[in-house]
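*Asks:* Predicted model and sequence below, questions to follow.
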Amino acid sequence: MTRFAVLFALLASPGLALAQDAVDRHGGMRHAPGMDHKAHEMNSDAVPAGLMEGGQSAFAAIQEIVSQLMADPTTDWRRVDIEALRQHLIDMDNVTLRARVRVAEIEGGARFEATADDAAVTSSIRAMVPAHAATMDGVEGWTMQASEIAGGVALVVTGAYPDRIRALGFIGVMTVGMHHQAHHLALAAGQNPHAH
């Protein structure tokens, strides 16, 4: 019993936790405030096999698109706009984490009201939700309609299997379809993916 208490005390020790935090599970150093990045510069060939995550999801999404653009010899660098992609990812973050959502069951599906008191979040909702509804209307046999309301947007989704629509909820419906990756590439390449 004493052995387990000592082991638990060591594992719970803040000093040990800090030391473990300084080195990742692969034996490499983690970033720390003030760390000299030149001390561990790497090129893409030096990244250990199997490591994929860029450290933060928006950063990783941008990194993925930048890698794709750099690998494509036909990339028109005069049109590339990585900042547009960054702004879109901010909108995605706002809608995913900061929108307030009210749900009402309706015949054949649900009505989702995504709103916010914060003007930046409202702007993000109004940028993303109508565009998603226009792009995804008809996918999965669903009808999607978006309309502006005070503080945000109402999204009405109906179709076959209304229980699925209701179970997915607002954010689940927003994720349906693998169009986001192509959308991100189009934004970063300087195209307007919402133009019809």
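*Replies:* Here it is on my side, so go on.
*Asks:* can you give me the helices for this structure?
*Replies:* 2-12, 14-22, 57-71, 82-98, 119-136, 162-175, 180-188 (DSSP state H).
*Asks:* beta partners of Phe112?
*Replies:* Phe112 forms beta bridges with Val103, Leu155, as assigned by DSSP bridges.
*Asks:* That one against Ile171, yeah?
*Replies:* No. Using CB atoms under 8 Å, Phe112 is not in contact with Ile171, being 9.1 Å away. Where you see a C-beta, it was placed from the backbone N, CA and C, and this is true even at glycine.
*Asks:* which ones are touching the residue lying closest to Leu85 once chain neighbours are set aside?
*Replies:* Residue nearest to Leu85 in three dimensions, not counting chain neighbours: Ala188, with 4.3 Å by CB to CB, 6 or more residues apart in numbering. By CB atoms under 8 Å, 6 or more residues apart in numbering, the contact list for Ala188 reads Ile62, Ile65, Val66, Leu69, Val80, Asp81, Ile82, Ala84, Leu85.
*Asks:* if we go to 7 Å?
*Replies:* Contact analysis of Ala188 by CB atoms under 7 Å, 6 or more residues apart in numbering lists Ile65, Leu69, Val80, Asp81, Ile82, Ala84, Leu85.
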